[in-house]
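Visitor: A structural model of the following input is requested.
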Amino acid sequence: MRPRSMTGFGRGEAAGEGRTWVAEVRTVNHRFLDQRVVLPRLFTALEEPVKKMVAAVLDRGRVDITFSLLGLSSIEPRLVVNPSVARQYHHCLQQLVKDYGLDSAITLRDMLTCRDLVTMEEQRPDMDAEWQLISQALAAALTDCDVMREQEGQALQTDLLDRLAKFAAIVGQIESLLPELQQQRQSDLKFRVHKLLDGLDIDPIRLAQETALMADKSDVTEEITRLGSHMAQFRAFLDSDEPVGRRLDFLMQEFLREVNTLSSKIANARIAHLGVEMKNEIEKLREQVQNIE
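Guide: Below is the predicted model of the structure:
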């Protein structure tokens, strides 16, 4: 299984009894799972089931889930005439005509101007029946989105492995220079010590020990080894069947820690230049890792 990108889009539909539910899912990168659900007003009670369904599929990312209802259905508001109010209005209007000798008859237009004669009555939908359609549309949208995320993830994996190979090549260059650098470091230390202690009677064996100790403090073999281990972990995470974005992000911090330590231990222009190159590659890796679930 390849890592999945946090960027994707999916659309799904489910139809039944003259209506169609359409679900659209949009995802972008985010540290945690952050969902925003947009449902028609009558169905806001279904927001939590929708979020649970999404959380079962997605581990993290900012997710926008939008639902729309198409076609005629029994849940649309209906216009209803109130017969009791109509009779009262009609009686009152007739009484006015009679009492004041009006010569015009009562018309439908007269009746429609009366308040509360015609009201809009909202229907109560069958939530269980609607959920069947909503969940089908959402499942299709999530599947569609997942296909896109996997395709993006495949491209990310290829790019990350290429960048990791460049980073490993730089580490290899530094490792190949270590014997020469260590020898040069010891020679420089001996020269400086002899110059500082010129004329003093110092035990040669003790001097050699102290010089070797100082040279050992600048040894970066341990950092090189840890970087090798981190790179192996990185590759293993990319082959994992689980979401690994957070672990890769943490691993990038460890990469940078080792590179900083390595660079501070060796006061050498070539190593300093290679250290800058390694940091550049780490930053590029980190930018791409931010998009992995």
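Visitor: which helix or strand in this protein has the lowest average pLDDT?
Guide: Across the helices and strands of the chain, the lowest-confidence element by mean pLDDT, DSSP states H and E is helix 204-217, at a mean of 58.
Visitor: which element follows that helix toward the C-terminus?
Guide: helix 221-238 (DSSP states H and E).
Visitor: buried sites along that next one?
Guide: Glu223, Ile224, Arg226, Leu227, His230, Met231, Phe234, Phe237, Leu238 (16 or more other Cβ atoms under 10 Å). Placement of C-beta: from N, CA and C, glycine included.
Visitor: any idea of the mean pLDDT in it?
Guide: Averaging pLDDT along helix 221-238 gives 92.
Visitor: for that helix, C-alpha coordinates in CSV please.
Guide: This file holds the C-alpha atoms of helix 221-238, laid out as CSV (Å, rounded to 0.1, in the frame of the first residue of the first chain):
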residue,chain,number,x,y,z
THR,A,221,30.6,8.6,12.9
GLU,A,222,27.7,8.3,15.4
GLU,A,223,25.7,11.0,13.6
ILE,A,224,26.4,9.3,10.2
THR,A,225,25.2,6.0,11.6
ARG,A,226,22.0,7.6,13.1
LEU,A,227,21.3,9.3,9.8
GLY,A,228,21.5,5.9,8.1
SER,A,229,19.1,4.5,10.5
HIS,A,230,16.7,7.4,10.0
MET,A,231,16.8,7.0,6.3
ALA,A,232,16.0,3.3,6.6
GLN,A,233,13.0,4.2,8.9
PHE,A,234,11.9,6.7,6.3
ARG,A,235,11.8,4.1,3.6
ALA,A,236,10.0,1.6,5.9
PHE,A,237,7.3,4.2,6.7
LEU,A,238,6.7,4.8,3.0
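Visitor: okay, domains of the protein per the record?
Guide: 8-74+124-150, 78-121, 153-289 (automatic domain parsing).
Visitor: pLDDT wise, what is the residue of the chain most remote from its centre at?
Guide: Taking Cα atoms, centre = their mean, the residue of the chain most remote from its mean C-alpha position is Gly101, at 76.6 Å. Note for Gly101: predicted pLDDT of 73.
Visitor: quick check: phi and psi on it?
Guide: phi 60, psi 40 (degrees, to the nearest 10).
Visitor: quick one on the thing from earlier: to Arg2, which of the domains of the chain lies closest?
Guide: domain 153-289 (5.1 Å; Cβ to Cβ).
Visitor: for Arg2, what are its contacts?
Guide: Going by Cβ atoms under 8 Å, 6 or more residues apart in numbering, Arg2 touches Glu150, Gly153, Gln154, Gln157, Leu238.
Visitor: restricted to buried residues, select those residues in PyMOL.
Guide: Here is the PyMOL command that selects the buried residues among these (16+ other Cβ under 10 Å):
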select buried, resi 153+157+238
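Visitor: and the contacts of Arg2, which two are the farthest apart?
Guide: Top of the distance list for the contacts of Arg2 (Cβ to Cβ): Glu150 and Leu238, 13.5 Å.
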